[in-house]
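Engineer: Predicted model, plus sequence, below.
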Number of protein chains: 2
Amino acid sequence: MGAPCNFLCEPFSGSFKGLIVWYCLLLSLTQWSSATATSNKTRSLHFYKWEVEYMYWSPDGLENVVMSINGKFPGPTIRARAGDTVHVHLTNKLHTEGVVIHWHGIRQKGTPWADGTASISQCAINPGESFDYRFTVDRAGTYFYHGHYGMQRSAGLYGSLIVDVAEGEKEPFHYDGEFDLLLSDWWHESAHHQEVGLSSRPMRWIGEPQTLLVNGRGQYGCSLAAHYSNNSSLSQCNVTGHEQWAPFILHVDPNKTYRIRLSSTTALASLNLAIGNHKMLVVEADGNYLQPFETDDLDIYSGESYSVLLKTSQDPSQNYWISFGVRGRKPQTPQALTILNYKTNSASKFPLSPPPVTPRWDDYAHSKAFTNKVKALDHKTIPKPPSTYHRRITLLNTQNKMNGYTKWSINNVSLSLPATPYLGSIRFGLQNGFDQTKPPENFPVQYDVMKPPGNPNTTTGNGVYMLGYYSTVDVILQNANALAENVSEIHPWHLHGHDFWVLAYGEGKFTKDDEKKFNLKNPPYRNSAVIFPYGWTALRFVADNPGVWAFHCHIEPHLHMGMGVVLAEGVQRLPKIPKEALSCGLTGKKFMTGNHLG
Amino acid sequence: MGAPCNFLCEPFSGSFKGLIVWYCLLLSLTQWSSATATSNKTRSLHFYKWEVEYMYWSPDGLENVVMSINGKFPGPTIRARAGDTVHVHLTNKLHTEGVVIHWHGIRQKGTPWADGTASISQCAINPGESFDYRFTVDRAGTYFYHGHYGMQRSAGLYGSLIVDVAEGEKEPFHYDGEFDLLLSDWWHESAHHQEVGLSSRPMRWIGEPQTLLVNGRGQYGCSLAAHYSNNSSLSQCNVTGHEQWAPFILHVDPNKTYRIRLSSTTALASLNLAIGNHKMLVVEADGNYLQPFETDDLDIYSGESYSVLLKTSQDPSQNYWISFGVRGRKPQTPQALTILNYKTNSASKFPLSPPPVTPRWDDYAHSKAFTNKVKALDHKTIPKPPSTYHRRITLLNTQNKMNGYTKWSINNVSLSLPATPYLGSIRFGLQNGFDQTKPPENFPVQYDVMKPPGNPNTTTGNGVYMLGYYSTVDVILQNANALAENVSEIHPWHLHGHDFWVLAYGEGKFTKDDEKKFNLKNPPYRNSAVIFPYGWTALRFVADNPGVWAFHCHIEPHLHMGMGVVLAEGVQRLPKIPKEALSCGLTGKKFMTGNHLG
């Protein structure tokens, strides 16, 4: 028996030691029997005490206000081993806003109230109050966390969550060192004002981001690589390395293998990564191993994560550019740049060549070729998809109008989240908690996905797709033309509480015949998948996780405009739910005694 | 018996009629017996259904985001008669922020949970949820309402609340027409960012307002009266009258008497009003009648209200300027201007003379002379102060430092509001709800109010001054030097749930000997009173209203920085408290059954 309590308490304060020791003792006692019965592996508890507040910060050289955790932007990195428990005691230090944090990619088996989705898994945490997120990280991989209330992710509430393999276990590949890169995009207009604009009549679009950030750092109004071009509109950045916006440089030794973990928590931008003179070997996506494949550049959509292996096999007397550019939308945002620095050089030595250029933004063939290379490693590490499904739900993605407002809708319903978390409403049969009408499973057969909607009008709703527990569900995500002619956008969809198999990507309208294209042999197993313009994506998953789960476009303004659905399964099988998760709305009222207190 | 249900439902929507009819019926039944027993006056119910949300608006010609009620800025005016019931069903349509509304000047006798102070009288209303403010307006007068959570008042959450005398009763003065002017100040930086700056280390002060607003309208970057001066830095405003920022013009007939109601909900600015060629007769302050006195100009501090009578006795072939200027702080904000338009003219005809000029900002002698003219009308309408007191609390107002943060403190305690409303914590004996230490009743005798604090360090706290029910309490508000030498600011203090008698204003440090200056004959009875630089103000009130009540500097950033105290009396005498007011924090947890739900 190993000691059941190894603490990795990053924000460890003296006054807090007592509580931790007490916690450890309690945990030792309660875990003793289960530990002896089930496993002889060491399971650690990682306790964090976090405070969320706004602070002044210069993510890109222009001072602004960001959401911070314990005074950090991005928030602190959580690092644990597979099987460990993470416990974040989160205190809301905002003045008037609620807050929640979603642990993106963590399936929350047995703890659906810790998924951190306001209105779905819990009540937003009120100012001055705290909530305990306590969950198991059951699988090694590259994850992240972020706000899931209003547009607080856009405001900068995010950080990395890295899970290593359990002690004594090994990754299916070797590496000598590691870098964690969290990618985001940044606007100078506050997320509050962005929300107001998106909800205005007529809608005011947020526009393209001013800056792309790598680990919260970018450069606005200057370029690290301006001097390669005589006619650059940007001046050369004057950066010492100590600025909040100085690039996060990757310092490497020659002739080693590095794992670069990439996570994208962008509000909008689809990104492409390339590293001068170096190829990458893609080995992981969304916490699942891949059949390794080599690439010159990598597409990453909001909500996705990847690991790539990089061999530092190039001329060690040089440094090399790492660049991130925008894909899928006409770029109005400069590339994010940083340096792969062979430590044999000064980090400030310029690479010989200018930074690699991202493929043309609308070269979708390039993106599809990359996406089609992503395959599951094997069935030792990744479960095999069931060969058939119990229920198929087709979700048409359309841009619509409603009384002059602009909305995104799924099968012509634009999601408007209720005040009472679904987890409570469903568990306790509170029919006024949300729309009891079943949301549509399909769209009219005559709908032409290649043209703007004939009737652009939509309605809001918040019904739930109730799934049979342990049933196999196919979802066909069907893209379409937006409101304007000849426009169809990329939408990266993210599923909470599950991974799904990505069975196929296709063009035009999905038909029964397209089932032949399904890859049931080695489909990637992930929590996020993109639909390409005018295309469809077929997903399959097993509804094996009791709880209520968001499934939505990970573009923050699209979700804000209604682009998501809610799924639920096995809610009655849940053990009791911590009341702190449900102390608002109808559940708060239901469980408070009587009509008046006194 | 008059019908007990006369509706004045401004935002009356068709779908809502059913509810109102039902409500009316219910109210008729419940009020029948009490109405027959107590009074034969008609008592009306005024029901409003309000939604709070952000919207784009141009209060001063520059587009910005404001808090709106039912799409209006300022919010709709409430108008009722003394003895009526006002019922506001308030729905929070904000995305991530809580909200409350305080009914400034309404004493909330018997309904302390409707006072609308977050953390004190109720939990903030969560996004998507509603709260019912239902209270009696027991006395005619000029009132207003505003947000009382974070700095939502600064963000534009305010409106007028006018109470006329009961049917069949008369005001002690005559007038032919009326204008309601709600005064505020406006910043181009959002209240969210202002909050972050004030809470930053080092503190970032919000600066002076960009614009003064009259009924939510002001002019930035131009002046209505630029053409009077050759060297004005501002251009003449190009205004048609239809702009959101066009001035609110007072259209009058000659040879009439008008009542002008003035309320100041400024975040910071103390104001002075003057009207070209016209004198004013001051007749009401904070809902209480005054011995009428004539004045050329009137000082009004944040939180105060006045009524003045204006005779339109001047040359009816001319129009006249109405101007509002900043007092007490070196003005960096142009005067607010509008026009007194004799209808015999076009409203666009310019007055002959330039707008009246506010007295010099630091001419405190002028302000004190005005303030000392404010006396209660008589003891038929205004109660007589008790001749002695049971308890005296002296409150020293100081600016301080705390770990690098800047704070305002009262007796060296800077108020930091708890997550659980005091009303619940006190009623149910939840000792963890707030600091159980009694806050100090005085400050060290050797403290030199004329100099910066010898030791600038302060601490935060949230203890409560527990007052004996029906005891007479004297409060000496003692001003002092701020952190910088030779600086002492004006602080307008506002008391919730009560009016107080303003017994005296004095200079320097209050001593026992100053009691001789107390005016026990006809002191003004109000809810707001100012302390002048380096001075003191003596107040007396009777703690006759069971509840928990804020008492604070009405300058919004000062309150945000801790400049307030909390008073409580007779809380155990309250009937049962509506649970909606207490469904957060420790009361929410206490009254939710068990530790887990299921």
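Structural biologist: Cool, the structure landed.
Engineer: Just the pLDDT at the spatially most central residue of chain A, thanks.
Structural biologist: Among the residues of chain A, A:Gly303 comes closest to the average C-alpha position under C-alpha atoms, centre = their mean, at 3.2 Å. For A:Gly303, the pLDDT comes out at 98.
Engineer: does it sit in a helix or strand, and which one?
Structural biologist: Element membership of A:Gly303 [criterion: DSSP states H and E] is none; it lies in no helix or strand.
Engineer: Over to A:Arg153?
Structural biologist: Here A:Arg153, judged by DSSP H and E, is contained in no helix and no strand.
Engineer: How about the contacts made by it?
Structural biologist: Remark: with contacts taken as C-beta atoms under 8 Å, 6 or more residues apart in numbering or on different chains, A:Arg153 is in contact with A:146-147, A:265, A:267, A:556. Heads up, the C-betas are built off the backbone N, CA and C, glycines and all.
Engineer: Pull the most distant pair out of these.
Structural biologist: Of all pairs drawn from the contacts of A:Arg153, the greatest distance, 10.9 Å, lies between A:Gly147 and A:Ala267 (C-beta to C-beta).
Engineer: follow-up on the earlier one: from the contacts of A:Arg153, which is closest to chain B?
Structural biologist: For those, the closest approach to chain B (C-beta to the nearest C-beta) belongs to A:Gly147, at 9.1 Å.
Engineer: Verify the stated contact: the closest one with A:His102.
Structural biologist: Yes - counting by C-beta atoms under 8 Å, A:His102 is a contact partner of A:Gly147 at 7.4 Å.
Engineer: How many neighbouring residues does the nearest residue to A:Gly303 once chain neighbours are set aside have?
Structural biologist: Setting aside the residues directly before and after it, A:Gly303 is nearest to A:His554 in space (C-beta to C-beta, 6 or more residues apart in numbering or on different chains), at 3.4 Å. A count of nearby residues for A:His554, using other C-beta atoms under 10 Å in any protein chain shown, gives 27.
Engineer: Which pLDDT value belongs to A:His554?
Structural biologist: In this prediction, A:His554 carries a pLDDT score of 98.
Engineer: ok, it - contacts?
Structural biologist: With contacts defined as C-beta under 8 Å, 6+ apart, the neighbours of A:His554 are A:301-303, A:492-494, A:528.
Engineer: from those, which would you call buried?
Structural biologist: A:301-303, A:492-494, A:528 (16 or more other C-beta atoms under 10 Å in any protein chain shown).
Engineer: Tell me which two of these sit farthest apart.
Structural biologist: Comparing every pair within the buried ones among the contacts of A:His554 by C-beta to C-beta identifies A:Ser302 and A:Trp493 as the most remote, at 10.2 Å.
Engineer: residues near the spatially closest residue to A:Val542 that is not a sequence neighbour, how many?
Structural biologist: Take A:Val542 and drop its neighbours on the chain: the residue closest to it by C-beta to C-beta, 6+ apart is A:Thr472, 5.5 Å away. When neighbours are counted by other C-beta under 10 Å, A:Thr472 registers 19.
Engineer: correct me, but A:Thr472 touches A:Arg392?
Structural biologist: No - in terms of C-beta under 8 Å, A:Thr472 does not count as a neighbour of A:Arg392; the distance is 9.8 Å.
Engineer: buried sites along stretch A:467-477?
Structural biologist: Of all the residues in stretch A:467-477, those buried under the rule 16+ other C-beta under 10 Å are A:467, A:472-477.
Engineer: actually stretch A:308-323, not the one I typed
Structural biologist: Buried residues in stretch A:308-323, defined by neighbour count with 16+ other C-beta under 10 Å: A:308-312, A:314, A:318-323.
Engineer: Could you list which of those belong to strands?
Structural biologist: Secondary-structure check on the buried residues of stretch A:308-323 using DSSP state E: residues within strands are A:308-311, A:320-323.
Engineer: would CSV of these with pLDDT and distance to B:His560 be doable?
Structural biologist: Rendered in CSV, the data for those read as follows (pLDDT from 0 to 100; distance: C-beta to C-beta, whole Å):
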residue, pLDDT, distance to B:His560
A:Val308, 98, 47
A:Leu309, 98, 51
A:Leu310, 98, 49
A:Lys311, 98, 55
A:Tyr320, 98, 49
A:Trp321, 98, 46
A:Ile322, 98, 43
A:Ser323, 98, 44
